[in-house]
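pasting the sequence and the predicted coordinates here, then a few questions.
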Amino acid sequence: MLTFALRRLGGTVIVLLTVSVFVFGFVRLLPGDPARLVAGPDATSEDVAAVRAEMGLEGSLLQQYVRYLGQTLRGDLGRSARTRQPVISEIGNRFMPTLWLTLAAMGWATLAGLVIGVISGVRRGRWQDQTAMVIAVSGVSFPSFWLGLLLIDLFSVRLGWLPTGGYEGWRSLILPSLTLGATVAAVLARFTRSAYVEVAGEDYVRTARAKGVPERGVIWRHTLRNALIPVITLIGLEFGFLLGGAIVVETVFAWPGLGRLLVDSVSLRDYPVIQAEILLFSTEFVLINLIVDMLYAVVNPEIRLR
Amino acid sequence: MTDIVVSAVDIDSPLSAFWRRMRRKRVALCAGCAIAIFMIAALFAPWVAPYDATTPDYDHVLSGPSFAHPAGTDVFGRDIMSRIIWGGRVSLTVGFVSVALGCLAGTTLGLASGFAGGFLDSVIMRFCDVLLAFPGILLAIAVVAVLGPGIANVVYAIAVFSMPVFARLVRGSTLALKQAVYVQAARSIGVRRLPLILYHILPGTLPGVIVYLSLRIGTSILTAAALSFIGLGAQPPSPEWGAMLADGRSYLGVADHLTVFPGIAIFVTVLAFNLLGDGLRDALDQRLG
């Protein structure tokens, strides 16, 4: 287990370093002079030189990269071109709203996905299964931003039950998390169903039934426990994708999270913030993948030995 | 099923075997027909669409669905149905072109990676790992941030994040096919590297590629619409479905047809590609699971 963990950790460090090279190269790939872009059209050449120094664009590429990596590891991500605030505090302010949104979405989606998937698996071929699977297939193709607009239209504009957007208390959390979690719930339900059906066909399940284990015990102890192993992996992966989904959903609901900060920064060409956000998002994504792999290895010894 | 007389052609041709299985996938066939209809409508938009997509008509602003305007009109009095038909051009083109670019690059890399092995293989696969380390939409936003907003840049952005998916898939089948007896045989009679790859290995990788093409086009259309919705894709007055939804957002409860119809267009199109992809997967290759 330890060798596996170390090897996997080493691989993650390499991927993260490569990601940092990409993010570092990002500003340098911009057409024209990035310092001039950030400083604005009215800036004097001294201003541009100051911005260039601040953005770490002086010296050879290697020197620049080493400096960039050092600063990043110390948590210094530069200053926002728009607000002149340190990027780290800009991002810090936006972190909690996104975390709440993702957790709420993940929570209900996992619960709903598992319950619907297992019911479909147990009631395979009957109306419950067919209805659930039609909804699940549609859910995967449903644009989240459209779902968000429809929910706002129904619950906020027509019924007046919930706020249309913003970040004020738990009531404003309901619609965005419903929207964000919908696709994940659909994917999980489909996946849980097929995992359940696969395990339900195994010999040991038939044996359990033949030796007289009550149906409840067959479902819970023999089928579900084994079916859930691959589902754990998927839940972890979906968590990473929720981070991406949050970018769109936060825009729909005017949610003051990281996703909206990213979209605003791209529109306003606030490169230091964009750079930091891309680094943050991909680091989270890579770390979640790492955790999922570790969990999986704990559950399934076969993986460790490879 | 009850075909007792089986001709030699039926046994030998993978294409007819595929068609035999595909014929029974009613849902996937319907989805394929729907896609064909959308494509024809988009292609012949100037003749099919009752109105022009961008000409304002200030006498009929925000009117609800009626006989003259089946899907109503928007804030500039433009006919929504015509804009959806014209918008199909944008969405379908973005879907096809971006995935085709990603597929071409990914397949080339996958073939090279799987066939050459060794150092080249490691480099290409690590490169793909890094690309897959970004959630798709984030990568797309990064590309748009460098190149600037606009629908053409969205195409490149989506191509970039489709590429590693195809590269991995094709590498996997290339590794398996390299060991196949007929490839070994071709190699032993002195077929050179390029013809070996192009005529003996590439065709074997195609079933998987075709399935992913259909599934990825659905995803791409969804991503392009999302990017346009958040203002980084198609720019006004271009009739793009995601951008139309963003326009309709301010009129929720006042003019719901602005959000209902473009949403249906995106949903139905993406659903059709996904259902077709699922059916193709079942009919082409059970192993792709």
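Structure received. Note that the structure is predicted; figures quoted are calculated from it, not measured. Numbering: from 1, shown residues only, chains lettered A, B, ... in the order given.

just the element for residue 97, please.
Because you didn't say which chain, this covers chain A. Element membership for residue A:97, per DSSP states H and E: helix A:87-122.

my question was about chain B
Using DSSP H and E, residue B:97 falls in helix B:80-116.

how about the helices of the chain, start to end?
I'll assume chain A. Assigned by DSSP state H, the helices in chain A fall at A:2-28, A:34-39, A:45-54, A:61-73, A:87-122, A:127-141, A:144-151, A:171-200, A:203-210, A:215-217, A:225-252, A:258-267, A:271-299, A:301-305.

to clarify, I was referring to chain B.
So, for chain B - with DSSP H - the helices run B:8-12, B:14-23, B:26-43, B:45-48, B:80-116, B:118-132, B:136-147, B:151-178, B:181-188, B:193-195, B:202-229, B:241-248, B:257-284.

if we can go back for a sec, with mean neighbour count, distance to chain B and mean pLDDT added, can I get the helices of chain A in JSON lines?
Glycine gets a C-beta too; all of them are placed from N, C-alpha and C. Converted to JSON lines, the helices of chain A look like this (neighbours: other C-beta atoms under 10 Å in any protein chain shown; distance: least, C-beta to the nearest C-beta, whole Å; pLDDT from 0 to 100):
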{"stretch": "helix A:2-28", "mean neighbour count": "15", "distance to chain B": "5", "mean pLDDT": "82"}
{"stretch": "helix A:34-39", "mean neighbour count": "20", "distance to chain B": "10", "mean pLDDT": "73"}
{"stretch": "helix A:45-54", "mean neighbour count": "14", "distance to chain B": "18", "mean pLDDT": "78"}
{"stretch": "helix A:61-73", "mean neighbour count": "13", "distance to chain B": "16", "mean pLDDT": "82"}
{"stretch": "helix A:87-122", "mean neighbour count": "19", "distance to chain B": "12", "mean pLDDT": "87"}
{"stretch": "helix A:127-141", "mean neighbour count": "16", "distance to chain B": "4", "mean pLDDT": "83"}
{"stretch": "helix A:144-151", "mean neighbour count": "23", "distance to chain B": "4", "mean pLDDT": "88"}
{"stretch": "helix A:171-200", "mean neighbour count": "22", "distance to chain B": "9", "mean pLDDT": "85"}
{"stretch": "helix A:203-210", "mean neighbour count": "12", "distance to chain B": "20", "mean pLDDT": "82"}
{"stretch": "helix A:215-217", "mean neighbour count": "10", "distance to chain B": "28", "mean pLDDT": "79"}
{"stretch": "helix A:225-252", "mean neighbour count": "21", "distance to chain B": "3", "mean pLDDT": "80"}
{"stretch": "helix A:258-267", "mean neighbour count": "23", "distance to chain B": "5", "mean pLDDT": "86"}
{"stretch": "helix A:271-299", "mean neighbour count": "20", "distance to chain B": "5", "mean pLDDT": "81"}
{"stretch": "helix A:301-305", "mean neighbour count": "11", "distance to chain B": "18", "mean pLDDT": "61"}
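
let me have those helices in TSV, adding distance to residue B:50 as columns.
Converted to TSV, the helices of chain A look like this (distance: least, C-beta to C-beta, whole Å):
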stretch	distance to residue B:50
helix A:2-28	45
helix A:34-39	44
helix A:45-54	53
helix A:61-73	56
helix A:87-122	41
helix A:127-141	27
helix A:144-151	24
helix A:171-200	33
helix A:203-210	59
helix A:215-217	59
helix A:225-252	31
helix A:258-267	34
helix A:271-299	42
helix A:301-305	59
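
which of these sits closest to residue B:244?
helix A:144-151 (10.7 Å; C-beta to C-beta).

what's the closest one packed up against?
Packing partners of helix A:144-151 (3 or more C-beta pairs under 8 Å, 6 or more residues apart in numbering or on different chains; DSSP states H and E): helix A:171-200, helix A:225-252, helix B:202-229, helix B:241-248, helix B:257-284.

now do it and helix A:225-252, the angle between them.
70 degrees (axes from the mean of the first three to the mean of the last three C-alpha atoms, to 10 degrees).

contacts for helix A:144-151 next, please.
Identification of contacts with helix A:144-151 by C-beta atoms under 8 Å, 6 or more residues apart in numbering or on different chains yields A:175-176, A:178-180, A:182-183, A:245, A:248-249, A:251-253, B:225-226, B:229-230, B:242, B:245, B:248-249, B:252, B:259-260, B:263, B:266-267.

list the contacts for residue 273?
If you meant another chain, say so; for now it's chain A. A:80, A:81, A:82, A:87, A:90, A:91, A:261, A:262, A:265.

nope, chain B please
Counting by C-beta under 8 Å, 6+ apart, residue B:273 has contacts B:31, B:35, B:95, B:214, B:215, B:217, B:218, B:221.

let's see 7 Å
By C-beta atoms under 7 Å, 6 or more residues apart in numbering or on different chains, the contact list for residue B:273 reads B:35, B:214, B:217, B:218.

by neighbour count, which of those wins?
The residue in the contacts of residue B:273 with the most neighbours, by other C-beta atoms under 10 Å in any protein chain shown, is residue B:217 (28 neighbours).
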